[in-house]
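Engineer: Sequence and predicted structure are below.
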Amino acid sequence: MRHLTRRGPVFIAGRLGMHASTVGRVLRRHRTPLLRELDPVTGTIIRATRRSAERYEHDHPGSLIHVDVKKLGRIPEGGGWRLHGRGERPNRHRGLGYDYVHTAIDDHSRVAYAEVHDDEKGATAAGFLERAIAFYATLGVSVERVISDNAFAYRHSNVFRAVIDTHGITQKFIKPHCPWTNGKVERLNRTLATEWAYSQPWTSNADRTAALPAWLDYYNLDRTHLGIRGIPIDRVNNGRGQYT
C-alpha cells in the first residue's frame, strides 16, 4: 500500500484498521524510505530536502503565512499518459504548458489555501494573496506576516507589495537558494502533488482543477497533520464553526 499510494503511516493505518505506530514500525523494519525522500509522482528515491537547522512554530494563527507556487503540467482533453500509457498517442499533446498552483499555509495551524492559475505574475500573486487574506479572515485569523522565496512576483511586483502594505503585513523572504527555510509550504506542495494532482489519472485539466477545493476541505477539516499531531482547523479558535 505504501508503494501504491505513497502515503504515510496515519493514512495506511486508517485503511488497514491498525495503529499508526504499528505501521511505522513495519515501515522502519523494512527500511522503507521516508516520503520526503521520494519523488511524489514516480515514487523513486531522490535526495532528501535539507532540514532547517532550527525548527520553529509561531504561537498563534496568522502570525506567519507561507506562500509559494507549484507548477504542474497541463492535462490534455481525454487524459494524458497516466491514463493511456506512455506509448499511446506520442507527441500529440506537446506544448500544452503549465498550471501554476498558488499556495498558502498558516505556520501555527497549518490551515491551507490554494488556487490554480495560468501564470505566476505579480498581479496574479497579488490577487491570490488578497483572497487568501480574506479566507483566513473568515476564520477570525488576521495575517500579520507573509514569508516567501525570492521570486520576482514576491520581491519586485508593485501590485503584490501594495496588497502587503494595504493590510499592514510584514513581508519576509527566505535566504536565497535555501528553499528548506520555507519548509511548511514546500511540504504542503509535495502533499498536494501526491494526494491531489497525481492521485489518479485525470481525464482533463478541468477535472483536476475542479477537485482541488474538495481536497483542501479534506486537508483542513479531516486529515491528521503529523507536524501538529492533529487536524489543522482544530488549532483555530472556533475554526469549524466559521469554515465555509
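Structural biologist: Sure thing, it's come through.

Engineer: Mind checking what helix or strand follows the helix or strand bottoming out on mean pLDDT in the chain in sequence?
Structural biologist: Taking mean pLDDT, DSSP states H and E as the measure, the helix or strand of the chain with the lowest value is helix 81-84, at a mean of 47. Sequence order places strand 98-106 as the next helix or strand after helix 81-84, per DSSP states H and E.

Engineer: which other residues reach that next one?
Structural biologist: 61-62, 64-74, 111-120, 124-125, 128-129, 132, 136, 141, 184-185, 188-189, 192, 197, 205, 209, 212, 232 (CB atoms under 8 Å, 6 or more residues apart in numbering). Just so you know, the C-beta spots here come from the backbone N, C-alpha and C atoms, and that holds for glycine as well.

Engineer: got the CA positions of that strand in CSV?
Structural biologist: This file holds the C-alpha atoms of strand 98-106, laid out as CSV (Å, rounded to 0.1, in the frame of the first residue of the first chain):
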residue,chain,number,x,y,z
TYR,A,98,1.6,24.6,-17.2
ASP,A,99,-0.8,25.4,-14.4
TYR,A,100,0.5,27.4,-11.5
VAL,A,101,-0.9,26.4,-8.2
HIS,A,102,-0.6,29.3,-5.8
THR,A,103,-0.4,28.0,-2.2
ALA,A,104,-0.6,29.5,1.3
ILE,A,105,-0.3,27.8,4.7
ASP,A,106,-0.6,29.2,8.2
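
Engineer: Distance from it to the middle of the chain?
Structural biologist: 7 Å (CA atoms, centre = their mean, to the nearest Å).

Engineer: tell me which residues in that strand are buried?
Structural biologist: By neighbour count with 16 or more other CB atoms under 10 Å, strand 98-106 contains the buried residues 99-106.

Engineer: what's the closest of those residues to residue 34?
Structural biologist: Checking these against residue 34 by CB to CB gives residue 105 as the nearest, at 20.1 Å.

Engineer: quick one, strands of the protein?
Structural biologist: 65-73, 98-106, 112-117, 145-148, 170-173 (DSSP state E).

Engineer: Which one of these lies nearest to residue 179?
Structural biologist: strand 65-73 (8.8 Å).

Engineer: Sheet-wise, list the partners of the closest one with their directions.
Structural biologist: Neighbouring strands of strand 65-73 in its sheet, by DSSP bridges, are strand 98-106 (antiparallel), strand 145-148 (parallel).

Engineer: what stretches of this structure score poorly on pLDDT?
Structural biologist: Residues of the chain meeting the criterion pLDDT under 70: 1-6, 35-55, 78-95, 244.

Engineer: again, 50 this time
Structural biologist: Residues of the chain meeting the criterion pLDDT under 50: 41, 47-49, 52-53, 80-84, 90.

Engineer: can you count the residues close to residue 212?
Structural biologist: 16 (other CB atoms under 10 Å).

Engineer: longest helix in this structure, by residue count?
Structural biologist: Longest helix in the chain by number of residues (criterion: DSSP state H): helix 122-138.

Engineer: Correct me if wrong: residue 112 contacts residue 184.
Structural biologist: No. The criterion here is CB atoms under 8 Å, and residue 112 misses it with residue 184 at 9.5 Å.

Engineer: got the buried residues for stretch 152-163?
Structural biologist: In stretch 152-163, counting by 16+ other CB under 10 Å, buried: 153-154, 157, 159-160, 163.

Engineer: would you put the C-alpha positions of it in PDB?
Structural biologist: Taking Å, rounded to 0.1, in the frame of the first residue of the first chain, the C-alpha atoms of stretch 152-163 are listed here in PDB:
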ATOM      1  CA  PHE A 152      10.100  38.200  -9.000                       C
ATOM      2  CA  ALA A 153       6.400  38.400  -8.200                       C
ATOM      3  CA  TYR A 154       7.000  38.500  -4.500                       C
ATOM      4  CA  ARG A 155      10.100  40.600  -4.300                       C
ATOM      5  CA  HIS A 156       9.700  43.100  -7.200                       C
ATOM      6  CA  SER A 157       6.000  43.400  -8.000                       C
ATOM      7  CA  ASN A 158       4.500  46.700  -7.000                       C
ATOM      8  CA  VAL A 159       1.000  45.200  -7.100                       C
ATOM      9  CA  PHE A 160       2.000  42.400  -4.700                       C
ATOM     10  CA  ARG A 161       3.700  44.900  -2.400                       C
ATOM     11  CA  ALA A 162       0.600  47.100  -2.500                       C
ATOM     12  CA  VAL A 163      -1.500  44.300  -1.000                       C
END
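
Engineer: Thank you kindly, that will do.
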